[in-house]
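Asks: Here's my sequence, what's the structure:
(one chain, ligands or ions: 1)
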Amino acid sequence: MASPRLLENAPLLTRNTFRVAATAPLLAEVPDRAALDELLRFETLLRMPLLVLGQGSNLLLAGDPPGLVLHLDLRGIAVVREDADGALVRAEAGVVWNEFVHYTLGRRLEGLENLALIPGHVGAAPIQNIGAYGAEVGQFIETVEAFDRASGRVVRLDNAACGFAYRDSVFKRQPERWIVIAVEFRLPRQHELQTAYAGIAEELAAMGVTSPRAAHVAEAVIRLRTRKLPDPALIGNAGSFFKNPQVDATTAQDLLAHNPRLPVYSASTPGQRKLSAGWLIDACGWKGFREGDAGISDRHALVLVNHGQASGAQLLDLARRVAASIRDRFGVTLEPEPRIVGASW
Ligand SMILES: Cc1cc2nc3c(=O)[nH]c(=O)nc-3n(C[C@H](O)[C@H](O)[C@H](O)COP(=O)(O)OP(=O)(O)OC[C@H]3O[C@@H](n4cnc5c(N)ncnc54)[C@H](O)[C@@H]3O)c2cc1C
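Replies: This is a model prediction of the structure:
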């Protein structure tokens, strides 16, 4: 039986996709479920401030995390039930998300194709209800198994209890409370493919695909993402740094009257509209901006980038200035998408 491995003063530079330097006072590496159960018996450890760390692709380490950093390496995948209509598939927290998407497509299960190539681990997918190209993972999650630090128990939350919303969930709202252990996905054999969004149909046409299957859609999404998003292996970033802001319909109308090219989308909340944060940032002239090693990508205005040696605090400072300029010019409040550690927004 493996035990958790505890490391003091562990460097986190290579454990976050912004590639900023930070130190974990205590890092626990958990190789399997038995090691996790062993760790969960240490009450002193569990009373410390906690950061569960996946691949660090949705984090800005603006300072050192204050307590325990927990890294779960549980990598099991199992088909729990399967029939002609679909399957219930369970994946543990440490499974790499994109590998899981390909595992499901390989078994001819649909649903996750629009979410291909999102970095990170399965355990992080429910945290902000990862979404891309018109799909959100919450649509396919049946149950999340998690350790609840409030009750000291492992619990199973059904879809409704997860409170999924746009880049949000109960887990994101109470980040210190939950340790996601595994996620169960209900995936259909066949569903209506979403190809109307942001260039997928055009990409499929360019690929010469006329009757797409889910695997074709995943391939189109991968091609689009590879072209449009800066690769964290080449330049530090955490994907979109800001959520698309939601405003009421009247505010959206007023903004449109003054900015006819502003993209406005429907929102899941009645009476609300979603605005393109990337458009607002671009309109304020930030795209391609650089100060020292902190900057805004020249490929995508929503992506904050580390050109090399920027600190988390410098990146946070730039993000705050971007948000302030959008507030001054458009009266719209931007909220960061990644979790900010070691400072508050
Ligand atoms: C290039 C790029 C593109 C991206 N594109 C998208 C996109 O299209 N859509 C999208 O939604 N996101 C996107 N992201 C953000 C990111 O990939 C996702 O949010 C991903 O789910 C984060 O996974 P992670 O393992 O890296 O989590 P981390 O960054 O390590 O953690 C993120 C948050 O989840 C918590 N967490 C992680 N694992 C657990 C767990 N097991 N239990 C409890 N809490 C946990 C952390 O404490 C933290 O609060 C992108 C990021 C990059 C770098």
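
Asks: Now do stretch 183-200, average pLDDT.
Replies: For stretch 183-200, mean pLDDT is 94.

Asks: May I see the buried residues of that stretch?
Replies: For stretch 183-200, burial by neighbour count (16 or more other CB atoms under 10 Å) applies to 183, 184, 185, 186, 187, 189, 193, 195, 199, 200. Heads up, the C-betas are built off the backbone N, CA and C, glycines and all.

Asks: Go through these and flag which are in helices.
Replies: residue 200 (DSSP state H).

Asks: what secondary structure does residue 300 sit in?
Replies: coil (DSSP: H, G, I helix; E, B strand; the rest coil).

Asks: Could I get the pLDDT score of it?
Replies: At residue 300, pLDDT is 92.

Asks: okay, now it: neighbour count?
Replies: Neighbourhood size, residue 300 [other CB atoms under 10 Å]: 19.

Asks: Look up how far residue 21 lies from it.
Replies: 25 Å (CB to CB, to the nearest Å).

Asks: Turn the buried residues of stretch 183-200 into TSV, columns for distance to residue 307.
Replies: What follows is the buried residues of stretch 183-200, written out as TSV (distance: CB to CB, whole Å):
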residue	distance to residue 307
183	35
184	40
185	37
186	42
187	40
189	45
193	38
195	35
199	28
200	31
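
Asks: Pull the most distant pair out of the buried residues of stretch 183-200.
Replies: With CB to CB as the measure, no two of the buried residues of stretch 183-200 lie farther apart than 184 and 199, at 31.6 Å.

Asks: from what I can see residue 30 touches residue 69, true?
Replies: No - counting by CB atoms under 8 Å, residue 30 stays clear of residue 69, with 11.1 Å between them.

Asks: Can you pull out the low-pLDDT segments for the stretch 1-150 of the chain?
Replies: Within the stretch 1-150 of the chain, the segments meeting pLDDT under 70 span 1.

Asks: wait, does the helix or strand hosting residue 37 contact the ligand?
Replies: Per DSSP states H and E, residue 37 falls inside helix 33-39. No - judged by CB under 6 Å from any ligand atom, helix 33-39 makes no contact with the ligand; its nearest approach is 10.2 Å.

Asks: and the next element down the chain from that helix?
Replies: Defined by DSSP H and E, the subsequent element after helix 33-39 is helix 43-47.

Asks: That following helix: which residues count as buried?
Replies: 45, 46.

Asks: Let's see that helix as CSV, backbone CA atoms only.
Replies: Provided in CSV are the C-alpha atoms of helix 43-47 (Å, rounded to 0.1, in the frame of the first residue of the first chain):
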residue,chain,number,x,y,z
GLU,A,43,-6.8,15.8,11.5
THR,A,44,-4.0,18.4,12.0
LEU,A,45,-3.2,18.3,8.3
LEU,A,46,-6.9,18.8,7.3
ARG,A,47,-7.3,21.8,9.6
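
Asks: Determine how far that helix lies from the middle of the whole chain.
Replies: 27 Å (CA atoms, centre = their mean, to the nearest Å).

Asks: cool, stretch 222-240 as well?
Replies: Its chain's C-alpha centre and that of stretch 222-240 lie 13 Å apart, by CA atoms, centre = their mean.

Asks: Kindly report the residues of the stretch 1-150 of the chain close to the ligand.
Replies: Going by CB under 6 Å from any ligand atom, the residues of the stretch 1-150 of the chain near the ligand are 17, 51-59, 72, 93, 118-121, 123-125, 127-128, 130-132.

Asks: just checking, which of those residues belong to strands?
Replies: The members of these that map onto strands under DSSP state E are 51, 52, 59, 72, 131, 132.

Asks: End to end on stretch 89-109, go ahead and measure it.
Replies: With CA to CA, to the nearest Å applied, stretch 89-109 spans 10 Å between its terminal residues.

Asks: What residues sit buried inside that stretch?
Replies: Of the residues in stretch 89-109, 89-98, 100-105, 109 count as buried by neighbour count, 16+ other CB under 10 Å.

Asks: And for stretch 25-45?
Replies: By neighbour count on 16+ other CB under 10 Å, the buried set for stretch 25-45 is 26-33, 35-36, 39-40, 45.

Asks: Show me the buried residues of stretch 183-200 that map onto strands.
Replies: Among the buried residues of stretch 183-200, the members falling in strands (DSSP E) are 183, 184, 185, 186, 187.
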